[in-house]
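Engineer: Quick one: sequence plus predicted model below, questions after.
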Amino acid sequence: MAENNRRDGDIEFWLRQLEDGAISEDDFESDGDELDFYPTQQDLLDVLENDDDDDIQRLIWKNQPLPFNENAIKFNGTEEYPESLMNLQTPFQFFSYFFTEEFLSQIVTETNNYAVQNKPDRPDVITLGELRKYLGILIYMSVYHYPSVRGYWANKHGFEAIIKAMPVNKFEKIRRVLHFNDNNKHLPIDHPQHDRLHKLRPVIEHLNTKFSSIPISQRLSIDEQMCATKMGHFLKQYLPNKPHKWGFKLFVLCSLTGFAYRFIIYAGKEKDDRLPNEPDIGVVSQTVIKLARIIPRHANHIIYHDNFYTTLPLMYYFAKEGIQCVGTVQRNRLGKKCKLPSKQDVMKKQVPRGSYVEYITHIDGVDMSSVSWKDNKQVHSSALDLRRS
């Protein structure tokens with residue numbers, strides 16, 4: 001990189017570039033013009049590491065272990081499912097719990113409204129039964145892969161259940177007119193309340209409501225997921241470290257079993273919608289805070305995340321909310337006074353695998369621990385202790 005002394009505006013610009021999918025790990029040529037510099041994700045993390053926050057730099061770290069107190073992390077919430085969920089037995093019942101008849105009827109209404117707007121003389125209207133069959137066909141298609149859609153209706157090698165459910169022409173008509181929201185309410189792009197996800201907003205809100213109705217387990221994870229696609233779309237992202245590198249990026253709050261309690265579809269830079277008690281600590285941290293709004297406070301839930309999300313201000317905010325955090329962390333985000341060993345010292349042959357060094361610090365009644373240990377490579381992690389002094 002050209003220099004480490006970047007302005008806050010530069011950091012925010014690079015952060016937006018990373019979020020917009022414009023940054024990859026590919027090599028690039030530089031002509032010496034700073035305006036033509038496109039940082040990699042590691043470059044961005046390096047800059048964030050060296051962002052000198054005065055409060056962080058003043059922290060006093062001590063080389064000692066954080067005493068373990070089992071009562072301090074005792075879970076005070078509930079993971080017990082209500083009777084209405086325990087009574088669900090068949091796959092269709094589970095599906096119907098999330099895709100309720102009321103929600104499907106809303107989709108039918110919006111679809112038929114669009115069909116009339118699109119072709120008033122002969123609209124391709126649908127019924128609730130046809131929508132159910134259409135969704136069932138999509139589920140079959142997600143399991144049994146054919147090279148083309150029409151292949152499922154082929155005379156010789158077609159899929160019998162799909163052929164019996166609906167003619168191919170009807171399926172394609174539904175696919176053309178399927179709508180979830182009123183186009184007339186879609187505000188123009190220059191409007192301050194313009195929503196890039198307007199067409200999907202009812203689906204997003206409904207599913208997030210139903211997902212979060214499941215009792216939230218103690219141990220949670222926040223990470224990115226990709227909804228893979230080959231279609232061309234302005235929201236399509238590239239994440240080189242994912243199995244499916246191209247697609248729509250989702251930020252997801254999950255349980256240890258992989259169940260998603262809440263998701264956010266990335267749609268570029270959005271308006272500041274922080275709640276009154278939420279701090280302004282950066283766009284990445286704000287995404288984590290938004291996902292965590294559904295987590296009950298002061299029940300000792302634990303959030304795990306990787307080093308892209310881990311910052312001391314974010315962990316401090318969650319500590320005050322009664323939520324614990326554990327995550328890998330970029331070393332220089334801990335401040336210069338945290339004297340964790342260097343990579344060269346940790347990776348020496350005479351240092352046995354599994355060796356670790358721990359430092360702790362104290363911020364306004366919150367104890368934080370940072371550990372460096374030797375695995376296949378050096379790993380840094382930070383964690384909270386929620387006991388108040």
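Structural biologist: Received, thanks.
Engineer: I'd like to know how many residues surround T311.
Structural biologist: A count of nearby residues for T311, using other CB atoms under 10 Å, gives 26. The way it works is simple: take the backbone N, C-alpha and C, and place the C-beta from them, glycine included.
Engineer: Could you measure from it over to I303?
Structural biologist: From T311 across to I303, the span is 13 Å (CB to CB, to the nearest Å).
Engineer: what's the following helix or strand after the strand or helix carrying I163?
Structural biologist: When elements are defined using DSSP states H and E, I163 is found to belong to helix 160-165. Later in the chain than helix 160-165, the nearest helix or strand by DSSP H and E is helix 168-177.
Engineer: So which elements touch that next one?
Structural biologist: Using 3 or more CB pairs under 8 Å, 6 or more residues apart in numbering; DSSP states H and E, the elements in contact with helix 168-177 are helix 101-118, helix 128-143.
Engineer: Leaving aside the residues adjacent along the chain, what's closest to K170?
Structural biologist: Spatial nearest neighbour of K170, excluding adjacent residues (CB to CB, 6 or more residues apart in numbering): E130 at 7.2 Å.
Engineer: per-residue confidence at that neighbour?
Structural biologist: For E130, the pLDDT comes out at 98.
Engineer: Spell out which residues sit in contact with it, please.
Structural biologist: Contact partners of E130, counting by CB atoms under 8 Å, 6 or more residues apart in numbering, are 166, 170, 174.
Engineer: Neighbour-wise, which one of those leads?
Structural biologist: Compared across the contacts of E130, I174 has the highest neighbour count, 20 neighbours, by other CB under 10 Å.
Engineer: what are the bridge partners for the nearest residue to I222 once chain neighbours are set aside, then?
Structural biologist: Distance criterion CB to CB, 6+ apart; nearest residue to I222, sequence neighbours excluded, is H305 at 4.6 Å. Taking DSSP bridges, one obtains G327 as the residues bridged to H305.
Engineer: show me the contacts for H305.
Structural biologist: In this structure, H305 makes contact with 221-223, 288, 325, 327, judged by CB under 8 Å, 6+ apart.
Engineer: Endpoint to endpoint, stretch 111-128 covers what distance?
Structural biologist: Its start and end residues considered, stretch 111-128 measures 11 Å (CA to CA, to the nearest Å).
Engineer: can you map out the strands along this structure?
Structural biologist: Ranges of strands within the chain are 219-228, 237-238, 246-255, 260-265, 301-305, 323-328, 356-363, 366-374, 378-385, based on DSSP state E.
Engineer: could I get the ones you listed as TSV with mean pLDDT and distance to E101?
Structural biologist: Shown next, in TSV, are these (pLDDT from 0 to 100; distance: least, CB to CB, whole Å):
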stretch	mean pLDDT	distance to E101
strand 219-228	95	26
strand 237-238	92	34
strand 246-255	96	26
strand 260-265	98	23
strand 301-305	96	33
strand 323-328	94	36
strand 356-363	92	50
strand 366-374	92	47
strand 378-385	80	44
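Engineer: returning to that earlier point: could the contacts of H305 be laid out in TSV, adding neighbour count and distance to L88?
Structural biologist: As requested, these are arranged in TSV below (neighbours: other CB atoms under 10 Å; distance: CB to CB, whole Å):
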residue	neighbour count	distance to L88
S221	16	25
I222	20	27
D223	14	27
V288	24	31
C325	27	33
G327	21	34
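Engineer: if we can go back for a sec, what about the helix holding I163, average pLDDT?
Structural biologist: Predicted confidence along helix 160-165 averages 96 (mean pLDDT).
Engineer: just to revisit the earlier point, and the residue nearest to K170, how far from V177?
Structural biologist: 11 Å.
Engineer: got it, and E205?
Structural biologist: Going from E205 to V177 by CB to CB gives 22 Å.
Engineer: and those two? which has more neighbours close in?
Structural biologist: Here E205 and V177 are compared on neighbour count by other CB under 10 Å; more neighbours surround V177, at 20 against 10.
Engineer: Leaving out sequence neighbours, find the closest residue to the more buried one.
Structural biologist: Counting by CB to CB, 6+ apart, A115 is the residue found nearest to V177 once chain neighbours are left out, at 4.5 Å.
Engineer: care to break this protein down by domain?
Structural biologist: Listed domain ranges for the chain are 8-51, 61-77+296-389, 91-179 (source: automatic domain parsing).
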